[in-house]
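*Asks:* Need a 3D model of the following:
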Amino acid sequence: MKELYFLRHAHATATLRVEDVERPLDVRGKVDASRVAFYAKEHLQVPDACYVSHAVRAQQTAAYFKEVWNIKENCYLLTSELYDFQGDKVKRFIYNLPAEWNRVLLIGHNFGITEAVNYFGDKPVDALPTAGLVYISFDGDDWQTLRKGSTKNVILPKAL
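*Replies:* A predicted model of the protein is given here:
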């Protein structure tokens, strides 16, 4: 069985004059990321691997999950493939995940993450909010042949 956790990065500042990829989390983002990470620790299993967009806000969001789940360095990987706002790169990325990993956390951006959630999950999500986390499980055991999975949980920071 394969499992995916899709996480949209937490809320980032829009007021700094920096490149999009360099935008950091704001206070709300830090609070939400922490809240969702601690909830996930209590209600979800630790992923085998964590892939994170190379954007600063995604890395800062990931840091909370890395800490609470004690994700090891060799299982924590940055990638530009998750810096995707359409979803095509995210889907391709998933189909190419290493076979030995069964449960993977992906931290990226909208609308790429929402598109992937709706493509792979059986419950539609309009627009995953910042720090929103979706858990989807699959009957198959091969990333390359994944089909529609079962959306098990949608965790929204304002609901916690």
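
*Asks:* Could you tell me which strands sit next to the helix or strand hosting residue 107 in the sheet, and their orientation?
*Replies:* Using DSSP states H and E, residue 107 sits in strand 103-108. Using DSSP bridges, the strands paired with strand 103-108 are strand 2-8 (parallel), strand 49-53 (parallel).

*Asks:* Can you give me the buried ones in whichever helix or strand comes after it?
*Replies:* Scanning forward in sequence from strand 103-108 by DSSP H and E, the next helix or strand is helix 112-120. Within helix 112-120, the residues that qualify as buried are 112, 113, 114, 115, 116, 117, 118, 120, counting by 16 or more other Cβ atoms under 10 Å. No exception for glycine: its C-beta is placed from N, CA and C like everyone else's.

*Asks:* Going by distance to residue 105, which of the residues you listed wins?
*Replies:* residue 113 (11.6 Å; Cβ to Cβ).

*Asks:* For residue 15, see how far away the closest one is.
*Replies:* Residue 113 is 23 Å from residue 15, where distance means Cβ to Cβ, to the nearest Å.

*Asks:* got JSON lines for the buried residues of helix 112-120, with distance to residue 156 and pLDDT too?
*Replies:* As requested, those are arranged in JSON lines below (distance: Cβ to Cβ, whole Å; pLDDT from 0 to 100):
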{"residue": "112", "distance to residue 156": "18", "pLDDT": "95"}
{"residue": "113", "distance to residue 156": "13", "pLDDT": "96"}
{"residue": "114", "distance to residue 156": "13", "pLDDT": "96"}
{"residue": "115", "distance to residue 156": "18", "pLDDT": "96"}
{"residue": "116", "distance to residue 156": "17", "pLDDT": "96"}
{"residue": "117", "distance to residue 156": "13", "pLDDT": "97"}
{"residue": "118", "distance to residue 156": "16", "pLDDT": "97"}
{"residue": "120", "distance to residue 156": "19", "pLDDT": "97"}
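
*Asks:* Identify the farthest-apart pair in the residues you listed.
*Replies:* 112 and 120 (12.4 Å).

*Asks:* who's sitting farthest from the centroid in this structure?
*Replies:* Within the chain, the residue lying farthest from the chain centre (Cα atoms, centre = their mean) is residue 17, at 25.8 Å.

*Asks:* where's it, which helix or strand?
*Replies:* Going by DSSP H and E, residue 17 is not in any helix or strand.

*Asks:* measure stretch 110-124 end to end?
*Replies:* 15 Å (Cα to Cα, to the nearest Å).
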